[in-house]
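Undergrad: I'd like to go over a predicted model; first the sequence, then the structure.
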Amino acid sequence: MGIVMVEMHEGAGLPEDGEFLLLDKPLDWTSFDVVAKVRNAYKRGGLKRKVGHSGTLDPKATGLLILATGKKTRELSTLEGLDKVYDAVIRLGARTLSHDSESEEYGLRDVTHLDEGAVKRAASELEGKRMQQAPMHSATWHKGKRLYELARKGTVVTDRKSKEIVVHSFDVLRVELPLVYCRIHVSKGAYIRVLADELGEALGVGGYLAGLRRIAIGSYQVESAMRVEDAVARVLGQMQVTDQ
């Protein structure tokens with residue numbers, strides 16, 4: 001999570017204050033892949049410009065990613081504390097080490113005894129303020145190392161830092177066992193895959209995050225987001241206009 005910045009020089013001819021770009025991050029792209037694509041569009045036009053993003057999305061997540069260019073990068077910190085809303089698919093009856101689909105399933109359990117009422121009750125009990133520990137497969141720092149770097153070596157850090165988050169709402173939209181479709185509204189810094197793991201734990205069958213799409217950051221909505229290729233075309237088009 002947080003702000004990632006790529007330092008580049010301003011290009012003449014484009015608006016000095018830059019702009020925010022709302023992007024719809026594709027599946028299996030890292031957030032930095034998206035930044036690099038936009039940055040390289042400026043480079044292709046012979047210009048160098050600051051490009052940054054706020055609110056990292058995991059490769060297996062899609063949806064709203066906010067980029068800033070030029071002097072607008074100075075305002076990225078104003079986005080850091082905004083609430084976020086996600087559409088999530090949780091697979092019950094199995095667990096993974098990463099709490100999502102990036103690692104292998106284990107601990108398969110029967111879920112046929114569960115009903116929608118039980119799932120909704122368990123989800124509602126996860127609402128409110130709570131302490132959440134960063135998962136091992138995350139970019140959180142621990143003694144100069146990223147947790148995911150340690151996890152790949154088989155190291156488990158049990159004393160990982162916990163922080164207070166707020167789950168404003170955990171709405172179960174429909175249940176099609178073993179899948180649960182949810183809309184989750186959280187404060188900054190919350191890991192939805194940890195909530196998926198906790199839901200499975202509360203139901204006694206295990207669970208992991210099978211799909212995730214961020215649909216809102218504060219008042220910014222994914223419906224207003226561009227595809228990456230459209231953002232690249234926008235940047236190139238701006239430079240063509242300034243050359244005329």
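TA: On my side now, so go ahead. Numbering: from 1, shown residues only.
Undergrad: Pull the number of nearby residues for Val38.
TA: By the other Cβ atoms under 10 Å criterion, the neighbourhood of Val38 contains 22 residues. The way it works is simple: take the backbone N, C-alpha and C, and place the C-beta from them, glycine included.
Undergrad: A helix includes it, no?
TA: Yes: using DSSP: H, G, I helix; E, B strand; the rest coil, the assignment for Val38 is a helix.
Undergrad: so what pLDDT did it get?
TA: pLDDT recorded at Val38 is 92.
Undergrad: Show me what secondary structure element comes after the helix or strand bottoming out on mean pLDDT in the chain.
TA: When the helices and strands of the chain are scored by mean pLDDT, DSSP states H and E, strand 3-6 comes last with a mean of 40. Using DSSP states H and E, the helix or strand that follows strand 3-6 in sequence is strand 20-25.
Undergrad: Could you export that next one as CSV, CA atoms only?
TA: Presented in CSV, the C-alpha positions along strand 20-25 are these (Å, rounded to 0.1, in the frame of the first residue of the first chain):
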residue,chain,number,x,y,z
PHE,A,20,-4.6,12.7,-12.1
LEU,A,21,-5.2,9.7,-14.3
LEU,A,22,-7.8,7.1,-13.2
LEU,A,23,-6.7,3.7,-14.5
ASP,A,24,-8.4,0.3,-14.5
LYS,A,25,-5.5,-2.0,-13.7
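Undergrad: starting at the chain centroid, how far to it?
TA: The chain centroid and the centroid of strand 20-25 are separated by 13 Å under Cα atoms, centre = their mean, to the nearest Å.
Undergrad: Check which residues of that strand are buried.
TA: Across strand 20-25, burial judged by 16 or more other Cβ atoms under 10 Å covers 21-25.
Undergrad: Using a markdown table, please lay out those together with distance to Lys161 and pLDDT.
TA: A markdown table is the format used below for the buried residues of strand 20-25 (distance: Cβ to Cβ, whole Å; pLDDT from 0 to 100):
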| residue | distance to Lys161 | pLDDT |
| --- | --- | --- |
| Leu21 | 32 | 93 |
| Leu22 | 31 | 96 |
| Leu23 | 30 | 96 |
| Asp24 | 31 | 97 |
| Lys25 | 26 | 96 |
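Undergrad: Widest-spaced pair of those residues?
TA: The largest separation in the buried residues of strand 20-25, counting by Cβ to Cβ, is between Leu21 and Lys25 at 11.7 Å.
Undergrad: Follow the chain on from the longest strand seen in the chain and name the next helix or strand.
TA: Assignment by DSSP state E gives strand 162-176 as the longest strand of the chain. Elements were assigned by DSSP H and E; along the chain past strand 162-176, the next helix or strand is strand 179-186.
Undergrad: Quick one: low-confidence residue ranges for the chain.
TA: In the predicted model, the chain carries pLDDT under 70 at residues 1-17, 136-139, 141-144, 147, 150-151, 157, 239-244.
Undergrad: List the buried residues in the strand or helix carrying Arg130.
TA: Per DSSP H and E, Arg130 falls inside strand 128-133. The neighbour-count check on strand 128-133 (16+ other Cβ under 10 Å) flags 132-133 as buried.
Undergrad: other SSEs contacting it?
TA: strand 162-176 (3 or more Cβ pairs under 8 Å, 6 or more residues apart in numbering; DSSP states H and E).
Undergrad: Just checking: what are the partner strands of the strand it packs on?
TA: If you go by DSSP bridges, strand 162-176 pairs up with strand 128-133 (antiparallel), strand 179-186 (antiparallel).
Undergrad: what about these, which gets the closest to Glu198?
TA: Closest to Glu198 of these is strand 128-133 (Cβ to Cβ; 8.6 Å).
Undergrad: Mind listing residues that contact that closest one?
TA: 160-167, 189-191, 194 (Cβ atoms under 8 Å, 6 or more residues apart in numbering).
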